[in-house]
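Student: generate coordinates for the sequence data below:
(2 chains)
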Amino acid sequence: MARYVVDVMPKQEILDPQGKAVLGALPRLGFAGVVDVRQGKRFEVEVEGEPSDETLAEVRKMAETLLSNPVIEDYEVHGQASDQ
Amino acid sequence: MRIGVVTFPGSLDDDDARRAVGIGGHEAVALWHGDHDLQGVDAVILPGGFSYGDYLRCGAISRFAPVMTEVVAAAEQGMPVLGICNGFQILCESHLLPGALIRNDHRKFVCKDQKLRIENARTAWTSGYDEGAEITIVLKNGEGGYVADADTLDRLEGEGRVVARYLDGNPNGSLHDIAGITNERGNVVGLMPHPEHAVEALTGAGTDGLGFFTSLVAAPV
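Tutor: Reported below is the predicted structural model:
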């Protein structure tokens, strides 16, 4: 099984209200010195077969078409070793 | 005219939209998200709600519903399409309109009567209004903040494609106070507030929303 992780983050210039909410909550819990929090999404995608350039390209396509919205988000795909 | 209103799983305002279509003098046709069929309608409305539970991103899953293949193809041929609230989000996710809608900057759901200015009365859906008309209709959203990059905003402003703008304060953090936009052709309009909730004096915020449902008559389609 080929496993990939897709990280999706709001673009730097896009306001991230959820990150701001977390940033606001941290000092109230006594965590001092936090200057910024951005909140994103992590997808773990499992694909049949061995990892290959083709499946990696396929996962990138998934990330572009569905998992992220390129207007407001950036994505990164990380390949992982196949399961034994 | 026959105007189709699409029901997705999680649509809320499809019933009100069909009712508004009728009050506007047209025949409402119920369309189903799972059908590759527009039943020969002359125009389509994508209503408000939380289609597919707003999972992933608002409108992201709906964009790939079977009926959307037909809606996108028809819109590109010039069929009038109006997306209200969640429908606006679906139109952006479908790339029929530029930009995206994100969570309100103040992070709270907003539900109020909202004053707008109609900035473009040349679209298929707003030709019944006077340009510059100030109207009050219902606004209710959690993710209504319109965002786009600077180039896109410049283009929208330069080409007069901002259809409606919020007045008396920005309720959700939308850039340039944008409440609604249109495509180059003027047949596709996305609007965050809800004209279908303002078509009868008995309920809602007056009848200022009716123009969105009567404009199609006046428009050369």
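Student: what about the longest helix in chain A?
Tutor: helix A:17-28 (DSSP state H).
Student: bridged to the residue lying closest to A:G40 once chain neighbours are set aside, which residues?
Tutor: Nearest in space to A:G40, with sequence neighbours left out and distances taken as C-beta to C-beta, 6 or more residues apart in numbering or on different chains, is A:M9 at 3.8 Å. Placement of C-beta: from N, CA and C, glycine included. Bridge pairing for A:M9 (DSSP bridges) gives the partners A:D74.
Student: the nearest residue to B:G34 once chain neighbours are set aside and B:H33, how far apart?
Tutor: Closest residue in space to B:G34, ignoring its immediate chain neighbours: B:P66 at 5.6 Å, by C-beta to C-beta, 6+ apart. B:P66 sits 7 Å away from B:H33, going by C-beta to C-beta, to the nearest Å.
Student: more crowded one of the two?
Tutor: Taking other C-beta atoms under 10 Å in any protein chain shown, B:P66 and B:H33 do not tie; B:H33 has more neighbours (19 against 12).
Student: who's in contact with the more buried one?
Tutor: B:V6, B:T7, B:F8, B:P9, B:S51, B:S62, B:A65, B:P66, B:V67, B:M68 (C-beta atoms under 8 Å, 6 or more residues apart in numbering or on different chains).
Student: from chain A, how far out is the fourth one?
Tutor: Pointing back at B:P9 there. Distance, B:P9 to chain A, by C-beta to the nearest C-beta, to the nearest Å: 17 Å.
Student: neighbours around B:P195, how many?
Tutor: 29.
Student: quick one: it from A:E50, how far?
Tutor: In terms of C-beta to C-beta, B:P195 sits 54 Å off from A:E50.
Student: on that earlier part again, next one: the longest helix of chain A to chain centre, how far?
Tutor: When distances are taken as C-alpha atoms, centre = their mean, to the nearest Å, helix A:17-28 is centred 19 Å away from the chain's centroid.
Student: and that helix, what's its mean pLDDT?
Tutor: Helix A:17-28 comes out with an average pLDDT of 94.
Student: send the alpha carbons of it over as CSV?
Tutor: This file holds the C-alpha atoms of helix A:17-28, laid out as CSV (Å, rounded to 0.1, in the frame of the first residue of the first chain):
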residue,chain,number,x,y,z
PRO,A,17,-9.9,33.1,11.6
GLN,A,18,-9.6,29.6,13.1
GLY,A,19,-5.9,30.1,13.7
LYS,A,20,-6.7,33.4,15.3
ALA,A,21,-9.2,31.8,17.6
VAL,A,22,-6.6,29.3,18.8
LEU,A,23,-4.0,32.1,19.1
GLY,A,24,-6.5,34.0,21.3
ALA,A,25,-7.2,31.0,23.5
LEU,A,26,-3.5,30.0,24.3
PRO,A,27,-2.6,33.0,26.5
ARG,A,28,-5.8,32.4,28.5
